[in-house]
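Q: Provided below are the primary sequence and the corresponding predicted coordinates.
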Amino acid sequence: MIRKINSYSKHLLLLLLIISIHQINAQREPQYTQYINNTLTYNPAYINTQEDVTFTALGRAQWAGFEGAPNTYSFSAIFPSMNKLGVGLNIIRDEIGATRQTSFSADFAYEIQLSSTIYTSFGASAGGSFLNTNYNDGNVLNPSDPFLNNRNDFDPSLGFGVMTYAENWYVGVSIPNFLKNSYYSAQNNTLIDRANLQLFILGGYIFNLNDNLKFKPAVLARVTPNLPFVMDYSANMLINNKITIGLSYRTSKIITGMFGIKLTDSFYLGYSYDSTISGLSSSNKGSNEIMLKFTIPNKIRTIKSPRFY
């Protein structure tokens with residue numbers, strides 16, 4: 001027991017050291033409410049926390065009723081390996097006003113075992129994004145404005161993440177993209193754009209209240225020096241390993257209700273609704289998000305019950 005605690009303490013200290021070293025600035029990545037079921041989007045190391053081949057599709061309509069509001073669609077695939085090396089695929093389509101951005105990445109994760117119950121996974125992702133801007137889709141007040149040129153850009157991406165976890169807890173840190181991109185960065189002569197990096201920190205703990213009830217508080221932090229620091233706090237209950245209900249609060253003044261149900265051994269359906277409690281509440285009807293997950297169970301399992309993360 002002492003050895004397990006020491007191993008955990010060392011890696012927690014390493015995580016805090018990494019966080020303290022980096023001064024992070026970032027453009028906004030697409031946001032999700034059900035990130036607890038779609039963590040690969042933020043951290044490639046998540047691959048090895050899972051034991052089953054998993055496919056996840058998600059659609060999000062943000063700020064319903066607000067013209068030009070963001071719509072996001074994503075698809076991810078996870079292929080974990082019992083030989084410590086897992087792979088994954090992530091595709092995101094983000095639509096905001098006159099812009100359409102499609103991002104893709106191949107993800108890889110390597111796992112090491114710290115003790116009989118604690119593991120650390122190191123992940124990397126490589127891919128790119130296509131950005132199309134077409135101002136003809138909107139109502140332009142000044143068509144001669146030189147900043148309103150339609151654009152088609154492609155930029156490569158390279159990300160990294162780490163997660164340390166056990167059966168009932170996890171903690172992780174990641175940077176989805178280190179590389180400079182042509183449409184966010186003004187630094188033309190650098191490969192790594194430090195002014196536009198984004199850091200995600202996440203963690204959670206699962207309390208087994210009884211054989212049929214689990215409770216999981218979780219957090220997700222988004223560190224962006226030129227933007228407000230954003231924290232997502234969530235609390236979820238898993239009932240009979242089948243039904244999930246939860247609430248979350250985002251410090252950007254958003255509250256969320258979540259519901260999910262395991263339809264079969266392979267299919268899980270999730271839904272969430274966000275409500276804005278700021279001045280924007282009068283100009284939109286909230287945000288809707290729906291997710292469908294399909295899993296192919298692994299015949300060889302090392303955990304007693306399905307992980308609640």
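A: Everything's here; your move. Predicted model only: the values in this text are computed from it and were never measured.

Q: looking at this structure, which helix or strand is least sure?
A: helix 2-21 (a mean of 40; mean pLDDT, DSSP states H and E).

Q: need the next SSE after it, C-terminal direction.
A: strand 53-61 (DSSP states H and E).

Q: please export the C-alpha coordinates of the very next helix or strand once past that following strand as PDB.
A: Remark: after strand 53-61, the chain's next helix or strand is strand 71-79, criterion DSSP H and E. Presented in PDB, the C-alpha positions along strand 71-79 are these (Å, rounded to 0.1, in the frame of the first residue of the first chain):
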ATOM      1  CA  ASN A  71     -22.500  23.500 -34.600                       C
ATOM      2  CA  THR A  72     -20.000  20.800 -33.900                       C
ATOM      3  CA  TYR A  73     -19.900  17.200 -35.000                       C
ATOM      4  CA  SER A  74     -17.200  14.600 -34.100                       C
ATOM      5  CA  PHE A  75     -16.400  11.000 -34.600                       C
ATOM      6  CA  SER A  76     -13.700   9.100 -32.700                       C
ATOM      7  CA  ALA A  77     -12.500   5.500 -32.700                       C
ATOM      8  CA  ILE A  78     -10.400   3.800 -30.000                       C
ATOM      9  CA  PHE A  79      -8.500   0.600 -30.500                       C
END
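
Q: report all helices and strands that the one helix or strand residue 247 maps to contacts.
A: Using DSSP H and E, residue 247 sits within strand 243-250. Contacts defined by 3 or more Cβ pairs under 8 Å, 6 or more residues apart in numbering; DSSP states H and E place strand 243-250 against strand 230-239, strand 254-262. (Each C-beta comes from the backbone N, C-alpha and C, glycine too.)

Q: what's the closest of these to residue 212?
A: Ranking those by proximity to residue 212 (Cβ to Cβ) places strand 230-239 first, at 6.6 Å.

Q: now what about the closest one, what contacts it?
A: By Cβ atoms under 8 Å, 6 or more residues apart in numbering, the list of residues contacting strand 230-239 from outside reads 35-36, 212-222, 224, 244-252, 256, 258, 308.

Q: the same query, at a cut-off of 6 Å, please.
A: Applying Cβ atoms under 6 Å, 6 or more residues apart in numbering, the contact partners of strand 230-239 are 214-222, 244-252, 308.

Q: dump the residue contacts of the residue nearest the centre of the chain.
A: Taking Cα atoms, centre = their mean, the centroid of the chain lies closest to residue 42, which sits 3.5 Å from it. Contacts for residue 42 (Cβ under 6 Å, 6+ apart) come out as 174, 200.

Q: give me phi/psi at it?
A: phi -100, psi -30 (degrees, to the nearest 10).

Q: any idea how far residue 286 is from it?
A: Distance, residue 42 to residue 286, by Cβ to Cβ, to the nearest Å: 23 Å.

Q: could you confirm residue 202 falls within a strand?
A: Yes. Judged by DSSP: H, G, I helix; E, B strand; the rest coil, residue 202 forms part of a strand.

Q: my guess is it contacts residue 220. True?
A: Yes. Counting by Cβ atoms under 6 Å, residue 202 touches residue 220, with 4.7 Å between them.

Q: beta partners for residue 131?
A: Residue 131 has the following beta-bridge partners by DSSP bridges: residue 101, residue 153.

Q: and it, how many residues sit next to it?
A: With neighbours defined by other Cβ atoms under 10 Å, the count for residue 131 comes to 19.

Q: distance of it from residue 265?
A: Residue 131 sits 40 Å away from residue 265, going by Cβ to Cβ.

Q: same check on residue 198?
A: 36 Å.

Q: neighbour count: those two, which is higher?
A: Neighbours per residue (other Cβ under 10 Å) separate residue 198 from residue 265, with residue 198 holding more: 20 against 10.

Q: my read is residue 217 is in a strand, agree?
A: Yes. Judged by three-state DSSP, residue 217 forms part of a strand.

Q: which residues are in contact with it?
A: residue 235.

Q: bridged to it, which residues?
A: Under DSSP bridges, the beta-bridge partners of residue 217 are residue 235.

Q: what's the spacing between it and residue 307?
A: 16 Å.

Q: neighbours of the residue lying closest to residue 275 once chain neighbours are set aside, how many?
A: Excluding the flanking residues, the one nearest residue 275 by Cβ to Cβ, 6 or more residues apart in numbering is residue 286, at 4.9 Å. Residues lying near residue 286 (other Cβ under 10 Å) number 17.

Q: if I pick residue 286, what's in contact with it?
A: Going by Cβ under 6 Å, 6+ apart, residue 286 touches 273-275.

Q: one more time with 7 Å, if that's ok
A: 64, 273-276 (Cβ atoms under 7 Å, 6 or more residues apart in numbering).
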